[in-house]
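Peer 1: quick one: sequence plus predicted model below, questions after.
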Amino acid sequence: MLSGFNPEQINDIEGARRALREILNLVEELKQGNQALREEVQRLRDENNRLKGEQGKPEIKGNKGDEKRAAYASEKARREPKVRQKGTKNEWIKIDRTEKVCVNRAELPGDAEFKGYEPVVVQDIEIKTANVRFEKEKYYSPSQQKSYLAALPVGYEGAYGPGVRAMVLNLYYACGMTEPKIEELLGNLGIRISAGQVSNLLVKEKEPWHEEKAAVVAAGLASTSWHHIDDTATRVNGENQHCHILCNPFYSAYFTEPNKDRLTVIRVLQGGGELSYLFQAETVAWLDVFKIPLAAQRQIALWPQGIPLTAHQLDAFLARDLAHLNQQQQARIREAAALTAYHQPREWPLVEQLISDDAPQFQQVTAEQALCWVHEGRHYQKLSPFVEYHQQRLSHFLTDFWDFYHKLQRYRESPDNAQALRLGQEFDTLFATVTGYDELDKRIAKSMARKDKLLLVLRHPALPLHNNPAELAARQRVRKRDISFGPRTQDGVKAWDTFMTLSETAKKLGVNFYRYLHDRVSGARHFPSLASLIPPRTLGQLPAHVSALPQLSTPLY
């Protein structure tokens, strides 16, 4: 291969540079291939050892894995320093009693003068039982042959009062405690309760709460035209499912579903209700986008047009007329019909802009989609070049990447058309960069292909630049999943989704969640509903420079 090669005879300097760049990229390719082979060999060795009844090589992870390190680096890069002002907390503390503390008069000199009091606030808590023995009046009518028994006060149902029921819900769903630990804590406080009773308090007879969740979702969807969405794995009775999170600055809603396909996303965007399917003129465009064969489209045109269909009815049409299509093509037909139905005028709020990562199930669901810049930055952060020259090229590009991101942040604070035009041109320049590092250049080209979704903020300055609110909400489910594994029944699934929705929404609205729970289970209903605290779209469409509600020093109510 190198026969007759003499480096001293190289005259084409530019050609030599090109060759050297190709060699460096070949080094990167060989390094990655070698690493993949090493990992595969180790995996096979471990499997061989397990088949022999031995153990494989232990997996010892560092403090932060590559993905965590990449995520942390991108988060750190996107943030700009904030000036924090520490305020006094005493103004928010409720004073339950005032006690005067006196100086020992015997220690005072004769000329000491009284100068008043110096206040010191000390926070303390007292937890004790409030068990009640109700003496219920009982009457008997011989003429009616019927007994009359006094009813318990509102809020007292079964063997546990509103304080216990509110505390159990708060500890489990908002504080992340397990059922055995809740049982143990209540036992230490003098409450006799079994594990089964704790479970019943958490998941049984929760229809009024499910109605409150539905109202929160409806009000939340109506508050802004844009919404964040994300999903995370969850377990239901030992089976893998998916928890979908839909949110904006005023609410966070959770939906546990078996799948995470486009049909499921549409279900989530309409509050988790059952899907309807519609075939009419607009459906043809979706069928073309999904590349449904023309013969199948002609058959679909013979189905009922302009009439909403149920899932059962659509399945019957597919089985009768299009059973020869594969599962993916049939799924695309369902999606086309569901999208047509979703975009019809109706009372349910329509999501116009969806902020998400680049997963395929989020594409084409809403009129516009905005991609998360932090997620886009993680793709670059995950590159691990071996050659120092490539490391430098990646570092320089990431600096320019986050500089441009900060310019978009400043644009949101004071948008104007001229600045939007300049930023669009600067995007083209930045993502037309050719570094000579092939993996980086491929990544840059992919970002350029997503220009419209990454720069949607230039048309809608109120849009956030990242999907962190949905990821932070998903983290709450991950923590709950790590502690309690997952629900085992459908009642448990609905309860997990409902109370996590109410807990996270209360937090965003500045509502004390425990007091809210106690207000509802006691029957007092002095608190307004969470849905009523979510502003309508005319007020909720936040200014460009506002990305969340003001953070209150203490919860309301």
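Peer 2: Cool, got the structure. The shown structure was predicted, so the numbers you read here are calculated from the model rather than taken from an experiment. Residues are numbered from 1 along each chain as shown.
Peer 1: only C-alpha atoms from now on, for both contacts and neighbour counts.
Peer 2: Noted.
Peer 1: centroid-nearest residue for the chain?
Peer 2: residue 470 (2.9 Å; C-alpha atoms, centre = their mean).
Peer 1: pretty sure that residue is in a helix, no?
Peer 2: Yes. The assignment for residue 470 is a helix, going by DSSP: H, G, I helix; E, B strand; the rest coil.
Peer 1: thinking it is in contact with residue 247, fair?
Peer 2: Yes. Between residue 470 and residue 247 there is a contact under C-alpha atoms under 8 Å: 6.3 Å.
Peer 1: pull up the overlap in contacts between these two.
Peer 2: Common contacts of residue 470 and residue 247 (C-alpha atoms under 8 Å, 6 or more residues apart in numbering): 228, 229.
Peer 1: three-state assignment of residue 477?
Peer 2: Classification of residue 477 using three-state DSSP returns helix.
Peer 1: do you know how far it is from residue 35?
Peer 2: 34 Å (C-alpha to C-alpha, to the nearest Å).
Peer 1: looking at those two, which has the bigger crowd around it?
Peer 2: Using other C-alpha atoms under 10 Å as the criterion, residue 477 and residue 35 rank with residue 477 on top: 25 against 12.
Peer 1: and the more buried one, how far from residue 206?
Peer 2: Taking C-alpha to C-alpha, one finds residue 477 at 20 Å from residue 206.
Peer 1: same check, this time on residue 355
Peer 2: For residue 355, the distance to residue 206 - C-alpha to C-alpha - is 31 Å.
Peer 1: between these two, which one's more packed in?
Peer 2: With neighbours defined as other C-alpha under 10 Å, residue 355 and residue 206 compare such that residue 355 has more, 29 against 16.
Peer 1: name the element that one belongs to?
Peer 2: Here residue 355, judged by DSSP states H and E, is contained in strand 353-356.
Peer 1: can you name the next helix or strand after that strand?
Peer 2: strand 368-371.
Peer 1: ok now that next one, how far from the chain's centre?
Peer 2: 16 Å (C-alpha atoms, centre = their mean, to the nearest Å).
Peer 1: please apply the same query to stretch 146-159.
Peer 2: With C-alpha atoms, centre = their mean, you get 42 Å for stretch 146-159.
Peer 1: now that stretch: buried residues?
Peer 2: 155, 156 (16 or more other C-alpha atoms under 10 Å).
Peer 1: for the residue sitting furthest away from the middle of the chain, what are its contacts?
Peer 2: Relative to the mean C-alpha coordinate of the chain, counting by C-alpha atoms, centre = their mean, the farthest residue is residue 110 (67.7 Å). Residues counted as contacts of residue 110 (C-alpha under 8 Å, 6+ apart): none.
Peer 1: helix, strand or coil: sort out it for me.
Peer 2: coil.
Peer 1: so for it, what's the pLDDT?
Peer 2: Residue 110 carries a pLDDT score of 85 in this model.
Peer 1: next, it: phi, psi?
Peer 2: Per-residue torsions, residue 110: phi -70, psi -30 (degrees, to the nearest 10).
Peer 1: which strand or helix spans residue 140?
Peer 2: strand 138-141.
Peer 1: residues in contact with stretch 304-317?
Peer 2: So stretch 304-317 is contacted by 275, 276, 277, 278, 279, 280, 303, 334, 341 (C-alpha under 8 Å, 6+ apart).
Peer 1: tell me which two of these sit farthest apart.
Peer 2: 275 and 303 (18.1 Å; C-alpha to C-alpha).
Peer 1: neighbour count: these two, which is higher?
Peer 2: residue 275 (20 against 14).
Peer 1: surely residue 206 meets residue 495?
Peer 2: Yes. With contact defined as C-alpha under 8 Å, residue 206 and residue 495 form a contacting pair (7.2 Å).
Peer 1: residue 348 versus residue 184, what's the distance?
Peer 2: 44 Å.
Peer 1: paired strands for the helix or strand residue 235 falls within, with orientation please.
Peer 2: Using DSSP H and E, residue 235 falls within strand 226-236. Strand pairing for strand 226-236, using DSSP bridges, gives strand 239-248 (antiparallel), strand 353-356 (parallel).
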